[in-house]
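*Asks:* Here's a sequence, model it:
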Amino acid sequence: MKKNRTKKANRAITRTAAMLLAASVLFTGCGSSPEQGTGSTSGTGGKTTKIPLTNAEIERRIMLAGDAYDGLYVEDDFTNFGARSKGVQYNGTLVMESEACEDAGVGASCVRIPDADRGAPVDWNTENYNLIKESGFLSVATSPFSTFGADVDTATYTNLRRRIFEGDEEFGISDSAIRVEEMINYFHYDYEAPREGDKFGVTTALTPCPWNKDTLLLRVGVKAEEIQPQEGSNIVFLIDTSGSMFSHDKLPLAQKAFNLLTDNLSEKDSISIVTYAGSETVVLEGANGSQKEKIKAAINSLEAGGGTYGEAGIKKAYEIAEKYFVKGGNNRIILATDGDLNVGISSEADLIKLVEEKRETGVFLSCLGFGTGNYQDSKMEALADYGNGNYSYIDCTAEASRVLQDELWSTLYTVAKDVKFQVEFNPEQVKGYRLIGYENREMAAEDFANDSKDGGEVGSGQTVTVLYEIVPSDSAYNVPEVASRYGNSGVDTVEAADAMNSDELLAVNIRYKEPDASDSKLLTCPVTRDMLSEEMDADTSFAAGVAEFGMLLRKSEYSGTASYQEIYDRLKVIPGVTDDNFKTEFLYMVKKVSE
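*Replies:* I've put the predicted structure just below:
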């Protein structure tokens, strides 16, 4: 349906005003956020009194945060982006009508649909996601170890946000596209920083589960050390300029994203640009990071058109990255695409094999996803996972700014690779458990100590949040068990017997490697019953609310008493939650879905 341009302009003005007003409300002071737990403050003589926010003020802030995003997914003028097109076809139908060409103002470069073909159906629903089967409860007697690779990807959350704000009744996204751990890990939490000499700080919390009265909720929060590469960065922008990238939310948005990243470069950085369509092209090679105008001019010159020869582009990007490799520095390819590779190697299995071989060069591969309709999430996730990188979905300019400006080094600089978790449960204290999310990161228990097995990568200052629903030994909750002829204890040392008979519920084990190392290090943190708190702290409550939201959207059989209204009511009164724009926006999403 053709959009009304006056309405679009009005929405843009309203959105801008809302964002400015939200900024004035939520981020006050000299470059810092208001103190957590405050509403407003007053006082004399140097004394400050905290004034809790009224419900009306909380609701106002939530609506402002929503208004700031609502409408971002309406197609803007092509002239606002600087991208041009040579013309694109989907299933044999050109994408732009005559009036749209004239409105876009791109002149002769816009290919018009013949009048006879206008209104021809186009199948936009070719998005692809790997199947995810939600994890259920496991018996500690038969499965005492829970092992999985770390995950700091956030693509699920922003992809889902796009669908919700577009207003699709079913949000146009399959259950398998909702990876709960990526939703949880999108947000910032107040975790303990690593002590000097340590790679990670670990925070644990144990509380009653808000959606199941017979279980406990364990939160494990890990925060990586925060450092920047001293030797500079060697970065290759690998940009898909094929025909499938012709859309306001694809190549034009990718150009905006890379322009934002360019603003953060320094003279220590080396930048190259490789594009691929029908063939690969080296647009820029080895430019100094201080040459910002040169880099931006190369980015803004890109056009969309042709096939998608991703294999050639990936190989060329690694070749350029190896040529300018910085020993002891940050060497990374950033791939921007909708994942629709259709020339050369295009199967997920073959792409995995390719990047697995290339990652041995010491160059990491991160992915930025764009667009809708034909988005290939499964390929994007696989490329980032096996390329030792991370995966983000860019749904709007604000998200590009978050990923490539506000959290630049978390996105670009890996401080620990092959990070794995293994939680070992004490059968004397716990009879069952369920890991929430991470279904596609699960590993065999034996792979935890096997340094040849790949884990996840964690960037500078990044946090990883893990939630477990735990069934204590005295709970009435029934966990299916399997009888063993030979017994299941496996206790064969005095130390193991002592641990089993102690008040330890479990032990959290973390293995990781330094970015240039081949041998892993081990960190162990026991969790005891006396750590149980009847009240959830702010971080646990919010993370639990995000998990509940994901479970409800997936129609999980384990969502228990969870409801959108309960999530909304509980989270909106967390002290300081509306001081965080992203968390306030999440509350708006919950409210929008519940209506």
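
*Asks:* And the residue nearest the centre of the chain, how close does it get to residue 436?
*Replies:* The chain has residue 154 as the residue nearest its centroid, 0.6 Å off, counting by CA atoms, centre = their mean. Using CB to CB, to the nearest Å, residue 154 is found at 16 Å from residue 436. In short, each C-beta sits where N, CA and C put it, glycine included.

*Asks:* All the helices of the stretch 201-350 of the chain, in order from the start?
*Replies:* 251-262, 292-300, 310-323, 348-358 (DSSP state H, counting those that start in this stretch).

*Asks:* Now do residue 338 against residue 355, distance only.
*Replies:* From residue 338 to residue 355 the distance is 18 Å (CB to CB).

*Asks:* Would you mind telling me which of the two has more residues around it?
*Replies:* residue 338 (27 against 23; other CB atoms under 10 Å).

*Asks:* I figured that one hits residue 367, correct?
*Replies:* No: applying CB atoms under 8 Å, one finds residue 338 not in contact with residue 367, separated by 10.7 Å.

*Asks:* just to revisit the earlier point, any idea which of the helices of the stretch 201-350 of the chain scores lowest on pLDDT?
*Replies:* Per-stretch averages of pLDDT across these put helix 348-358 at the bottom, with a mean of 85.

*Asks:* what pairs with the helix or strand following that one, and is each one parallel or antiparallel?
*Replies:* Going down the chain from helix 348-358, the next helix or strand is strand 364-369, by DSSP states H and E. Strands adjacent to strand 364-369 in the sheet, as given by DSSP bridges, are strand 330-337 (parallel), strand 391-393 (parallel).

*Asks:* so the first one versus helix 348-358, what angle?
*Replies:* Think strand 330-337. 160 degrees (axes from the mean of the first three to the mean of the last three CA atoms, to 10 degrees).

*Asks:* Helix 251-262 and strand 330-337, what's the angle between them?
*Replies:* Counting by the same axes, to 10 degrees, strand 330-337 points 160 degrees away from the direction of helix 251-262.

*Asks:* Show me how far strand 330-337 is from its chain's centre.
*Replies:* 16 Å (CA atoms, centre = their mean, to the nearest Å).

*Asks:* Residue 424 belongs to a strand?
*Replies:* Yes: with DSSP: H, G, I helix; E, B strand; the rest coil as the criterion, residue 424 is assigned to a strand.

*Asks:* Please, where are all the strands along the stretch 101-250 of the chain?
*Replies:* For the stretch 101-250 of the chain, strands defined by DSSP state E, counting those that start in this stretch occupy the ranges 138-139, 145-149, 200-208, 216-224, 233-240.

*Asks:* which of those strands sits most buried?
*Replies:* strand 233-240 (a mean of 27; mean count of other CB atoms under 10 Å).

*Asks:* That one: partners in the sheet, and parallel or antiparallel?
*Replies:* strand 270-276 (parallel), strand 330-337 (parallel).

*Asks:* Report the buried residues of stretch 532-551.
*Replies:* 536-551 (16 or more other CB atoms under 10 Å).

*Asks:* which of the residues you listed lies closest to residue 229?
*Replies:* Closest approach to residue 229 among the buried residues of stretch 532-551 (CB to CB): residue 539, at 29.2 Å.

*Asks:* picking up where we left off before, adding mean pLDDT as columns, could you present the strands paired with strand 364-369 in TSV?
*Replies:* Below are the strands paired with strand 364-369 laid out as TSV (pLDDT from 0 to 100):
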stretch	mean pLDDT
strand 330-337	96
strand 391-393	96
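
*Asks:* wait, which of those strands is closest to residue 456?
*Replies:* Using CB to CB, those put strand 391-393 closest to residue 456, at 10.8 Å.

*Asks:* Against which helices or strands is whichever helix or strand comes after the closest one packed?
*Replies:* Going down the chain from strand 391-393, the next helix or strand is helix 397-401, by DSSP H and E. Secondary-structure packing of helix 397-401 (3 or more CB pairs under 8 Å, 6 or more residues apart in numbering; DSSP states H and E): helix 251-262.

*Asks:* Just want the angle from the helix it packs on to helix 292-300.
*Replies:* 160 degrees.

*Asks:* Which other helices and strands does helix 251-262 contact?
*Replies:* Short answer (3+ CB pairs under 8 Å, 6+ apart): helix 251-262 packs on strand 233-240, helix 292-300, strand 330-337, helix 397-401.

*Asks:* picking up where we left off before, for the helices of the stretch 201-350 of the chain, give me a markdown table that also has distance to residue 577.
*Replies:* Formatted as a markdown table, these follow (distance: least, CB to CB, whole Å):
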| stretch | distance to residue 577 |
| --- | --- |
| helix 251-262 | 27 |
| helix 292-300 | 37 |
| helix 310-323 | 41 |
| helix 348-358 | 39 |
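
*Asks:* right, so those: which one is the most enclosed?
*Replies:* helix 251-262 comes out most buried of the helices of the stretch 201-350 of the chain by mean count of other CB under 10 Å, with a mean of 24.

*Asks:* who's in contact with that one?
*Replies:* Helix 251-262 is contacted from outside by 78, 80-83, 237, 239-241, 245, 271, 292, 295-296, 299-300, 302, 304, 334, 336, 368, 370, 394, 396-397, 400-401, 403-405, 408, using CB atoms under 8 Å, 6 or more residues apart in numbering.

*Asks:* among the residues you listed, which ones are buried?
*Replies:* Counted by 16+ other CB under 10 Å, the contacts of helix 251-262 give 78, 81-83, 237, 239-241, 245, 271, 292, 295-296, 299-300, 302, 304, 334, 336, 368, 370, 394, 396, 400-401, 403-404, 408 as buried.

*Asks:* of all the strands paired with strand 233-240, which lies closest to residue 528?
*Replies:* Closest to residue 528 of the strands paired with strand 233-240 is strand 330-337 (CB to CB; 39.5 Å).
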